[in-house]
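Q: I'll drop the sequence and a predicted model, then ask my questions.
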Amino acid sequence: MRIIEINRSQVSEHQALAPLAVPGACGAQGYLWISLTREEFRASLAEVQQILQSLCLTQLVDLHVADLLNDQLPSHFDYTSKYDVLVFRRLSSGPGKAAAGNGKGTSVGEPPLVGRRGPPVLRRVDTRPVGFALFDRVLLSVHPEEGAGRDAFAARLLAAGSPDDQGAPALDVRATSARVPTGTADLMLRVINQIVDGYLDMRRDLTRQLDHWQTELIDPRSRFTNWGALMETRQSLHHLDEICEDQRAAIQDWIDLLETLPSPKGEAEQRERELIMVRSRDVLEHIERVVHHVRRLEQNAETAVQMHFSVQGHRANDIMRVLTVLTAIFLPLNLIAGIFGMNFEFIPLVHKADGFWIAMSAMLAIAVLLVVIFWRKRYLARTR
């Protein structure tokens, strides 16, 4: 459980939920980020609802609570007049937490994307959802059990809000990621952006694995036998494409909702709205990059399979051409041997002492002549 209070440029972390339920516990200009796992959210639901009632004058409805606790929910966006709910399936490279009792090293209720024959980089993909409940003064995020990414972001957030000895922020304030989020929406979009960038970091390993398979498929001297892993990888990439489409639809619904809100009155509020829109479009652009990359990998895998069978077809044609040329070379030789093997008494060259050598010389000359002709016509050349 991580409870972080952000009051302008000051960032502090609390250890318990109970003191925050008192009215006025959070500053008038500040907001809270309450980050829990699903088990912690289920156990602390009453306290969380009390804090929301105290700070936001509302509570989560039962259907949204069920959505945040659902470990199989696809990415989607929903809203009420008081708060918004965004469920976002993360695409991060991590070992994942093994389920208790299943013995397969996967999370409870979440089937693995790829079987044991798939590439390791796809076997490490975690697609469990992260839920966000966005209020004016509270951001409630519900994460899976493994929270390394959340803890890393929380550490950067605390570092951005803690001054050093000279009174300057610990991180460079010119860096966008080092600035303290201006509100709950800004904080939520930064967490989502980190989730999406987690998959972008996997592109190098995944591309290297598929390039290795493409090289084996195209090489005519290689006997590719890892068809099961290749087919499962294609299915996994298709599954990732569907997940990214749901993510893009959820963020697009969020952007559409922002565009329908009334224009802010003050200049500061207008600038904050514009920054939220810019960050939302940036997250959407990152998701579209993921979709583009996944689809390109699918196309590359399909193209490699087609090229493999095309190469095998060309190789079979080369073999059949060589066999046909050899048959054409030996056909006149077999004809001469058949003629001299006829059971007749009077055959030219049969009763001559050098008849055998004349016939063999003629057969050799015919064979050499045919080889030269076929070689000039490139019937014996190997296709590269």
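A: All right, it came through fine.
Q: who does the helix or strand containing residue 35 pair up with?
A: Per DSSP states H and E: residue 35 is located in strand 30-37. On the basis of DSSP bridges, the sheet neighbours of strand 30-37 come out as strand 2-7 (antiparallel), strand 138-143 (parallel).
Q: Throw these into CSV and include distance to residue 284, thanks.
A: Heads up, the C-betas are built off the backbone N, CA and C, glycines and all. Formatted as CSV, those follow (distance: least, CB to CB, whole Å):
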stretch, distance to residue 284
strand 2-7, 25
strand 138-143, 20
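Q: ranking those strands by mean pLDDT, which is last?
A: Of all the strands paired with strand 30-37, mean pLDDT reaches its minimum on strand 2-7 (a mean of 85).
Q: in the protein, which helix is the longest?
A: Looking across the chain with DSSP state H, the single longest helix is helix 267-340.
Q: which helices and strands does that helix pack with?
A: For helix 267-340, the packing partners by 3 or more CB pairs under 8 Å, 6 or more residues apart in numbering; DSSP states H and E come out as helix 184-200, helix 203-218, helix 227-260, helix 355-376.
Q: and it with helix 203-218, angle?
A: 10 degrees (axes from the mean of the first three to the mean of the last three CA atoms, to 10 degrees).
Q: and the angle for helix 267-340 with helix 355-376?
A: Relative orientation of helix 267-340 versus helix 355-376 (the same axes, to 10 degrees): 160 degrees.
Q: chain center to helix 267-340: distance?
A: 19 Å (CA atoms, centre = their mean, to the nearest Å).
Q: after the strand holding residue 35, next one along is what?
A: helix 38-43.
Q: now for the chain, the helix or strand with the poorest mean pLDDT.
A: strand 92-93 (a mean of 48; mean pLDDT, DSSP states H and E).
Q: what sits against residue 302?
A: Listed by CB atoms under 8 Å, 6 or more residues apart in numbering, the contact partners of residue 302 are residue 234.
Q: would you mind finding the most buried of the strands paired with strand 30-37?
A: Counting by mean count of other CB atoms under 10 Å, strand 138-143 has the highest mean neighbour count of those, with a mean of 24.
Q: next, the angle helix 184-200 makes with it.
A: Put simply, strand 138-143 runs at 20 degrees to helix 184-200, going by the same axes, to 10 degrees.
Q: identify all contacting residues around strand 138-143.
A: Here strand 138-143 has contacts from 31-38, 41, 48, 51-52, 55-56, 60, 68-69, 130-133, 150, 184, 187-188, 191, using CB under 8 Å, 6+ apart.
Q: buried residues, the next helix or strand after it. List them.
A: Proceeding N to C from strand 138-143, the next assigned helix or strand is helix 148-161, under DSSP H and E. Across helix 148-161, burial judged by 16 or more other CB atoms under 10 Å covers 149-150, 153-154, 156-158, 160-161.
Q: and if you look at stretch 338-353?
A: residue 340.
Q: CA atoms only: put it into PDB for me.
A: In PDB, the C-alpha atoms belonging to stretch 338-353 read as follows (Å, rounded to 0.1, in the frame of the first residue of the first chain):
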ATOM      1  CA  GLY A 338      20.000 -50.400 -76.200                       C
ATOM      2  CA  ILE A 339      20.900 -50.500 -79.900                       C
ATOM      3  CA  PHE A 340      24.100 -52.300 -79.400                       C
ATOM      4  CA  GLY A 341      22.400 -54.700 -77.100                       C
ATOM      5  CA  MET A 342      20.000 -56.000 -79.800                       C
ATOM      6  CA  ASN A 343      20.200 -59.700 -80.600                       C
ATOM      7  CA  PHE A 344      21.200 -59.300 -84.300                       C
ATOM      8  CA  GLU A 345      24.000 -61.100 -86.100                       C
ATOM      9  CA  PHE A 346      25.100 -58.200 -88.300                       C
ATOM     10  CA  ILE A 347      25.500 -54.900 -86.400                       C
ATOM     11  CA  PRO A 348      28.000 -52.200 -87.300                       C
ATOM     12  CA  LEU A 349      31.200 -52.100 -85.100                       C
ATOM     13  CA  VAL A 350      30.200 -55.400 -83.300                       C
ATOM     14  CA  HIS A 351      32.900 -57.500 -85.000                       C
ATOM     15  CA  LYS A 352      35.600 -54.800 -85.000                       C
ATOM     16  CA  ALA A 353      38.400 -54.900 -82.400                       C
END
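Q: so what's the gap between that stretch and the chain middle?
A: How far stretch 338-353 lies from its chain's middle: 77 Å, per CA atoms, centre = their mean.
Q: relative to residue 205, how far out is residue 237?
A: 14 Å (CB to CB, to the nearest Å).
Q: the two: which has the busier surroundings?
A: residue 237 (23 against 15; other CB atoms under 10 Å).
Q: show me the contacts for the more buried one.
A: Neighbours of residue 237 in contact, by CB under 8 Å, 6+ apart: 294, 297-298, 301.
Q: distance of it relative to residue 365?
A: 61 Å.
Q: over to residue 233?
A: In terms of CB to CB, residue 233 sits 57 Å off from residue 365.
Q: mean pLDDT lowest for which of the helices and strands packed on helix 267-340?
A: Ranked by mean pLDDT, the helices and strands packed on helix 267-340 bottom out at helix 203-218, with a mean of 74.
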